[in-house]
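Q: just to be clear, the model below is a prediction. Sequence and coordinates:
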Amino acid sequence: MRRTQTGARKMWGKLAGNRRALAMSLILVAVLLVTLGVAFRNQLFSGSAELAQRPGAPLAAALNELRGDNDLVLGSTRKNGVEPSLYETAYGRLEHAAAKQDMPRVRVGELMSLAAAEEIDTEAWRSYYVCLTAKTDPALDPARVIRDAGIMKPALDEISGYFADPDRQGEDLPTSVTTRAAFLSTLHCLSRDSLANADDVRLLADEAGKLAEPVPVLLTADALRERRAGSDPKLATGRFTAADAGEKCDAVSSMGMAAIALLTDDQDAEAAGCLRTATAGEDAQTRWLARRALADMSAGVELPAPRAGVGKDGLVNKVPRQLGTLRATYHAARALALTGALEQVPKWLRRGIEEARNQPDLARGDRIMLGQICDRLTVERPPVYCGDAVAEANRLAADIDVPPKLTQRNYAAWHDSMVLHTHFQQDCPTTEVTLPKRNLTKVDGEWIRALALLMQAGCEAQARELIDPEHLVRRIQLSLDDHDLLIAADAYYLSWHTDADISNELTEQLSATVLTYRSREDPALFSREPGGAADIEATAAAYLFIDYL
Amino acid sequence: MKSVRNSACAFSLAFALSLAGIAMAAPPAAAWSDSASAKIPGTGAIIQANAWQCNTYVDKCSFATSSKALKKKSKKYRVGKIVNVATLKANGISATISTSPSGTFVSENVRRIKWTNRNTWISDISGIADPGGSLNTSMTTCSDASVITKGVKGFAAACVNG
């Protein structure tokens, strides 16, 4: 967002015309500087992108909390997509049981919902994981869960179909054996052993008995053991020895090493050491098998605590890797510019921006966003890692028109095109904005944002026409009462560009209140709610707020 | 890295199946945000979940997800079965979402789309999402990846955050 010289002069005029306010403002600025440890640039007298450089190291370092797995900035430290997983639950609970650790009982309704909805696996595999979960909660009736989830029939049909024609899917033999072993175990769990006939079981045992891969052999051995059917064929496992586990002690062969240990009577001290490491690995099934194998070896080694976190509902969450975005990176660039930290852009972020720029066939929106980011990070010229992103974005942005009228439906498109217009210094666009209500204390916060965008785009007369300064001031207070830092910042920005009368009391209150929005992770980052998770858009808004206070 | 077509063409309603997954006729351009991976036990390969969504709403909002099996970071690794599930979620008060392809209705603000491939290294999905409901509605794209090969399974997940 760019300040005009006119706006800057107005703001300075307000301060100088009131000595008490001036003194108070100077004290507040000093307090903020000490508290945050950041030197602020003097935006009062600079209206362009060429900013005097000041140390802004705290924010730059704090951005590490918002580092995405792809070296772009995250929107928030709050993780997206964290939810229960059947695979993690089944093996995580088995891991805890193998460690003889108590865990909460499974909430049936939640397990049922998960089994009904989790699309990453087929119904038969989901049923298998429900059955595994039931091994660690005796009160759980897996058949009831699977039936209530509405997947019993499709699961049984899938299993029957698979046994009828195991070659149909064209899968490799170890996969076919693993799948049939899992399905055989599921049939036993659901008291439907008869759906796999004697020939099916014999074929499975024969084929497993010839495999070199130990994991499907182990799963088959487990399934046959569970059935305890005297008529089942014996599974040939004598070909495995501890030496087959190989010498590599890394996660690549940990699962195989555990399977061999469970299939043989060989006690291998080196394998025990490797398996101990595997009990702390990333994969839940591997961790469980490693514990099983070590218990079987009576290795007597001390093991780390189980890694799976079993929730109060008895389920285990998957935690997806969090990927940063260009949109969040743009807010970070704004914040870095506001705090004079353009020379401290973290190395990982420079790499992330450069990698993004080098992608082939980038979407138009992404190329424009890259240009915006790079423009914000410009000191005298765009950074080297930005290449010609700014020039390219300038060209592309020229083709983007602001919609002629802001509506509820097109708000997002209107918002982003206005930001583009403001960023690339285009004139006030022709666009109609009609507030749903005249009273700014009664409209949704997004309308305050729309007014701020009008003002930033140079449509001052149009914005003033829509603003009642008294309501605006009241809206600042209401937004803070509602813990809406972003809208409070927009309303405060607007108050400086209209004739709104901000009392000293309100200014003091705002100064104190903004600081309470520091995040729980790092005082240089701010949150959408007081003491909450760091949020990059809230961080940029807070620094803008502080800059105006 | 998944290559995605120019989102400026995203207004097209044409629909075509790609060799490796479901895609709109003119889905978005590059979706490179791929950093979430996990080992496929015993194979020396990894399963990688990728997710991308539009960074600006000046064009229709495109999304793309994929599951990839790779060896030595970038070599394609053929597996028996590879699955990708894209979950699109609109965030905000009274949020709603519609997607193309339409996928499974999970709730008013969540859609899920699944694609399974066999005997290859990739399964991917791309399309257009239309979040709505209130002025401040935003969108999150998550990608779940799974693979089964040589008798073992592997999972990975990634979500766009921001």
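A: It's in. Residues are numbered from 1 along each chain as shown, chains lettered A, B, ... in the order given.

Q: could you list the low-pLDDT ranges of chain B?
A: B:1-35 (pLDDT under 70).

Q: give me that answer again for 90
A: Residue ranges of chain B with pLDDT under 90: B:1-37, B:39, B:41-44, B:57-60, B:72-74, B:91-96, B:131-138, B:162.

Q: and the most centrally placed residue in it, which of the three is it?
A: By C-alpha atoms, centre = their mean, the mean C-alpha position of chain B lies nearest to residue B:65, the distance being 1.6 Å. Following DSSP: H, G, I helix; E, B strand; the rest coil, residue B:65 is assigned to strand.

Q: residue contacts, it?
A: B:31, B:49-52, B:84-86, B:124-126, B:141-143 (C-beta atoms under 8 Å, 6 or more residues apart in numbering or on different chains). (C-beta placed from N, C-alpha, C; glycine too.)

Q: what pairs with it across the strands?
A: residue B:51, residue B:125 (DSSP bridges).

Q: then the one 5 residues further on?
A: Partner residues in beta bridges with residue B:70: residue B:46, residue B:76, with DSSP bridges as the criterion.

Q: and it, how many residues sit next to it?
A: By other C-beta atoms under 10 Å in any protein chain shown, the residues close to residue B:70 number 18.

Q: wait, it sits on residue B:121?
A: Yes - assessed by C-beta atoms under 8 Å, residue B:70 is found in contact with residue B:121 at 7.2 Å.

Q: what sits in contact with each of those two?
A: B:76-77.

Q: report the secondary structure state of residue 112.
A: Since you didn't name a chain, this refers to chain A. Note that with three-state DSSP, the state of residue A:112 is helix.

Q: chain B was what I was after
A: Here residue B:112 is strand, with the state taken from three-state DSSP.

Q: for it, give me its contacts.
A: Counting by C-beta under 8 Å, 6+ apart, residue B:112 touches A:119, B:85-88, B:103-104, B:106.

Q: in ChimeraX, select just the buried ones from the residues you listed.
A: In ChimeraX syntax, the buried subset of these is picked out as below (16 or more other C-beta atoms under 10 Å in any protein chain shown):
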select /A:119 /B:85,86,87,88,103
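
Q: and the stretch 1-150 of chain A, which residues reach chain B?
A: A:68-76, A:79-81, A:85, A:87, A:117, A:119-121 (C-beta under 8 Å from any C-beta of the partner chain).

Q: now, of those residues, which are buried?
A: A:68-76, A:80-81, A:85, A:87, A:119-121.

Q: leaving out sequence neighbours, find the closest residue to residue 92.
A: Answering for chain A, as no chain was given. In space, residue A:92 comes closest to residue A:308 once its chain neighbours are excluded; the distance is 2.8 Å by C-beta to C-beta, 6 or more residues apart in numbering or on different chains.

Q: try again with chain B
A: In space, residue B:92 comes closest to residue B:137 once its chain neighbours are excluded; the distance is 4.0 Å by C-beta to C-beta, 6+ apart.

Q: all helices for chain B, in order.
A: Read by DSSP state H, chain B holds no helices at all.

Q: distance between stretch A:65-84 and the chain's centre?
A: Put simply, stretch A:65-84 sits 3 Å off its chain's centre (C-alpha atoms, centre = their mean, to the nearest Å).

Q: C-alpha coordinates for that stretch, PDB please?
A: Output of stretch A:65-84 as PDB, limited to C-alpha atoms (Å, rounded to 0.1, in the frame of the first residue of the first chain):
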ATOM      1  CA  GLU A  65       7.900 -20.000  12.200                       C
ATOM      2  CA  LEU A  66       5.900 -19.500   9.000                       C
ATOM      3  CA  ARG A  67       8.300 -21.400   6.700                       C
ATOM      4  CA  GLY A  68       6.300 -23.800   4.400                       C
ATOM      5  CA  ASP A  69       7.700 -27.100   3.300                       C
ATOM      6  CA  ASN A  70       8.100 -25.600  -0.200                       C
ATOM      7  CA  ASP A  71      10.100 -22.600   1.100                       C
ATOM      8  CA  LEU A  72       7.300 -20.200   0.600                       C
ATOM      9  CA  VAL A  73       5.500 -18.400   3.500                       C
ATOM     10  CA  LEU A  74       2.600 -20.100   5.300                       C
ATOM     11  CA  GLY A  75      -0.600 -18.100   5.900                       C
ATOM     12  CA  SER A  76      -0.600 -19.300   9.500                       C
ATOM     13  CA  THR A  77       1.100 -21.600  12.000                       C
ATOM     14  CA  ARG A  78      -2.300 -23.200  12.400                       C
ATOM     15  CA  LYS A  79      -2.100 -26.400  10.400                       C
ATOM     16  CA  ASN A  80      -4.600 -27.300   7.700                       C
ATOM     17  CA  GLY A  81      -6.000 -30.800   7.000                       C
ATOM     18  CA  VAL A  82      -5.300 -32.300  10.400                       C
ATOM     19  CA  GLU A  83      -7.800 -35.000  10.900                       C
ATOM     20  CA  PRO A  84      -8.100 -38.600  11.900                       C
END
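
Q: how about the residues of the stretch 301-450 of chain A near chain B?
A: Residues of the stretch 301-450 of chain A lying near chain B by C-beta under 8 Å from any C-beta: A:318-329, A:355-356, A:359-366, A:368-369, A:400, A:408-409, A:411-413, A:415-417, A:420, A:444-447.

Q: give me the neighbour count for residue B:61.
A: If we define neighbours as other C-beta under 10 Å, then residue B:61 has 26 of them.

Q: how about the contacts made by the residue of the stretch 151-300 of chain A found nearest chain B?
A: Ranked by C-beta to the nearest C-beta, the top residue of the stretch 151-300 of chain A for proximity to chain B is residue A:174, at 3.1 Å. For residue A:174, the contact set (C-beta under 8 Å, 6+ apart) comprises A:211, A:213, A:215-216, B:150-152.

Q: quick one: the strands in chain B?
A: Using DSSP state E, the strands of chain B run over residues B:15-17, B:21-24, B:36-40, B:45-53, B:61-71, B:75-76, B:79-91, B:96-100, B:104-107, B:110-120, B:122-132, B:138-149, B:152-160.

Q: ok, which of the ones you listed comes nearest residue A:140?
A: strand B:152-160 (22.5 Å; C-beta to C-beta).

Q: got the angle for that closest one vs strand B:45-53?
A: 20 degrees (axes from the mean of the first three to the mean of the last three C-alpha atoms, to 10 degrees).

Q: is strand B:152-160 anywhere near chain A?
A: Yes - Strand B:152-160 is in contact with chain A by C-beta under 8 Å from any C-beta, via B:152-160.

Q: nearest to residue A:113, of the residues you listed?
A: residue B:157 (18.5 Å).

Q: what bridges to the closest one?
A: Beta-bridge pairing for residue B:157 (DSSP bridges): residue B:144.

Q: tell me who's in contact with it.
A: Taking C-beta under 8 Å, 6+ apart as the test, what residue B:157 contacts is A:81, A:318-321, B:36, B:49, B:142-145.

Q: before we move on, what about residue A:455?
A: A:463, A:493-494, A:497.

Q: swap in residue B:71?
A: Per C-beta under 8 Å, 6+ apart, neighbours of residue B:71: B:43-46, B:77.

Q: now the residues you listed in a markdown table, with distance to residue A:474?
A: Output for the contacts of residue B:71, formatted as a markdown table (distance: C-beta to C-beta, whole Å):
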| residue | distance to residue A:474 |
| --- | --- |
| B:43 | 63 |
| B:44 | 64 |
| B:45 | 61 |
| B:46 | 56 |
| B:77 | 61 |
